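>>> Just to be clear, the model below is a prediction. Sequence and coordinates:
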Amino acid sequence: DIVMTQSPDSLAVSLGERATITCKSSQSLLYSSNNKNYLAWYQQKPGQPPKLLIYWASTRESGVPDRFSGSESGTDFALTISSLQPEDVAVYYCQQYHRTPYTFGQGTKLEIK
Amino acid sequence: QITLRESGPTLVKPTETLTLTCTFSGFSLSTTGVAVGWIRQPPGKALEWVGNIYWDDDTRYSPSLKTRLKITRDTSKNQVVLTLTNMDTVDTGTYFCARDWGSAALDFWGQGTMVTVSS
């Protein structure tokens, strides 16, 4: 199975500041047919289902604010929130969908400092 | 508008069989490339992929669950059914179904249903 390792486990950032969460995969997530990394980021607020933010490592889902961005370098991935807003408090997960079994990171809890 | 909704028992006893239904609308499971997936989440813990059923009726399961798991579909009713046998307390958690669009990952999710395994 592909192992997804997120860091940090928790993060406290001041409002308006930048927040960055990283995710490392144990294997390549790159599909050679389209040169895309099959890596997604989700946001989960308490009592709610996960919400897709980013797919293909850096493509923002429709309706997601542009302060959310994804980046990639080999098997290292990052989710960046450029200017933290109160509604961004949540747990964030990365997920590989390159092959089954799909696997998720352990989650990063983002709070306001 | 795409929606998914999970339904089933909230409490099952150890060794019993869990049957959950995902009823969806706004897309077809007959469309090439589409799948419906099940994902679960123990209380306070991370998400765990359970399995998928695809537009061509192919299924893929988590290796840790495959001996107890079956996912089927009723295309005419727009439903996907998860069956998990020999339930244990470690199977307690919220079970979500989601549309898997292949390239775009799990893009629409149901609200989830909490299942407790207890005698």
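Done, it's in. Residues are numbered from 1 along each chain as shown, chains lettered A, B, ... in the order given.

>>> For stretch B:111-119, list every residue counted as buried.
Buried residues in stretch B:111-119, defined by neighbour count with 16 or more other C-beta atoms under 10 Å in any protein chain shown: B:Gly112, B:Thr113, B:Val115, B:Val117. Bear in mind the C-beta positions are built from the backbone N, C-alpha and C, glycine included.

>>> contacting residues for the third one?
Residues in contact with B:Val115 (C-beta atoms under 8 Å, 6 or more residues apart in numbering or on different chains) are B:Gly8, B:Pro9, B:Thr10, B:Leu11, B:Val12, B:Leu18, B:Leu20, B:Asp91, B:Thr92, B:Gly93, B:Thr94, B:Tyr95.

>>> go on, A:Val91?
For A:Val91, the contacting residues are A:Gln43, A:Gln44, A:Lys45, A:Gly107, A:Thr108, A:Lys109, A:Leu110, taking C-beta under 8 Å, 6+ apart as the criterion.

>>> just B:Val90 next, same as before
By C-beta under 8 Å, 6+ apart, the contact list for B:Val90 reads B:Pro42, B:Val117.

>>> Tell me the secondary structure at it.
With DSSP: H, G, I helix; E, B strand; the rest coil as the basis, B:Val90 sits in helix.

>>> Repeat that for B:Asp56.
Recorded secondary structure, B:Asp56: coil (three-state DSSP).

>>> Distance check, it against B:Arg73.
Distance of B:Asp56 to B:Arg73, given as C-beta to C-beta, to the nearest Å: 11 Å.

>>> Pick out whichever of those two has more residues nearby.
B:Arg73 (20 against 11; other C-beta atoms under 10 Å in any protein chain shown).

>>> circling back: quickly name whichever of the contacts of A:Val91 is closest to B:Arg40.
A:Gln44 (13.3 Å; C-beta to C-beta).

>>> quick one: that closest one and A:Lys51 touch, right?
Yes - between A:Gln44 and A:Lys51 there is a contact under C-beta atoms under 8 Å: 7.1 Å.

>>> tell me which of the contacts of A:Val91 is nearest to A:Leu15?
Distances from A:Leu15 to the contacts of A:Val91, taken as C-beta to C-beta, are shortest for A:Leu110 (11.9 Å).

>>> give me the number of residues near that closest one?
Neighbour tally, A:Leu110, other C-beta under 10 Å: 21.

>>> rewinding a little: need the residues touching each of B:Asp56 and B:Arg73.
Counting by C-beta under 8 Å, 6+ apart, B:Asp56 and B:Arg73 have no contacts in common.

>>> Can you get me the start-to-end distance on stretch B:81-94?
With C-alpha to C-alpha, to the nearest Å as the measure, the first residue of stretch B:81-94 is 16 Å from its last.
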